[in-house]
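Chemist: Quick check, what structure comes out for this input:
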Amino acid sequence: MEAAIPIEEMAFEDALKELEGIVTRLESGDAPLDASIALYERGNALRSHCAARLDAAQARIDSIRLDTDGRPVGTTPFAAG
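Modeler: Numbers count the residues shown, from 1 in each chain. Below you'll find the model as predicted:
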């Protein structure tokens, strides 16, 4: 088994792909209890990571400034945390 990549270093797409794989494995019911618990814990951490990345992206979208006609005129700097 290859070493797991630290979640905080993962791109959103990679984290989502791994999360989907974990869900598939858990739904199959083939993993032993201890492995299922470990999968669930990693999956929960991946879910949190994905949610945080989506929240940061939404905040960046929300920070786009609009002119009086509703056209984008610039952005407000946003520091994702």
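Chemist: Only C-alpha atoms from now on, for both contacts and neighbour counts.
Modeler: Noted.
Chemist: What's the biggest helix in the protein, counting residues?
Modeler: In the chain, with assignment by DSSP state H, the single longest helix is helix 33-62.
Chemist: What pairs with the following helix or strand past it, parallel or antiparallel?
Modeler: The helix or strand immediately downstream of helix 33-62 is strand 64-66, counting by DSSP states H and E. In its sheet, strand 64-66 lies beside strand 72-75 (antiparallel), with partners assigned from DSSP bridges.
Chemist: tell me the mean pLDDT for the strand it pairs with?
Modeler: For strand 72-75, mean pLDDT is 69.
Chemist: Low-confidence bits of the chain, can you list those?
Modeler: 1-3, 74-81 (pLDDT under 70).
Chemist: related to what we said a few turns ago, could you pull out the buried residues of the longest helix of the chain?
Modeler: If you call a residue buried by 16 or more other C-alpha atoms under 10 Å, then helix 33-62 has these buried ones: 36, 39-40, 42-43, 45-47, 49-50, 53, 56, 60.
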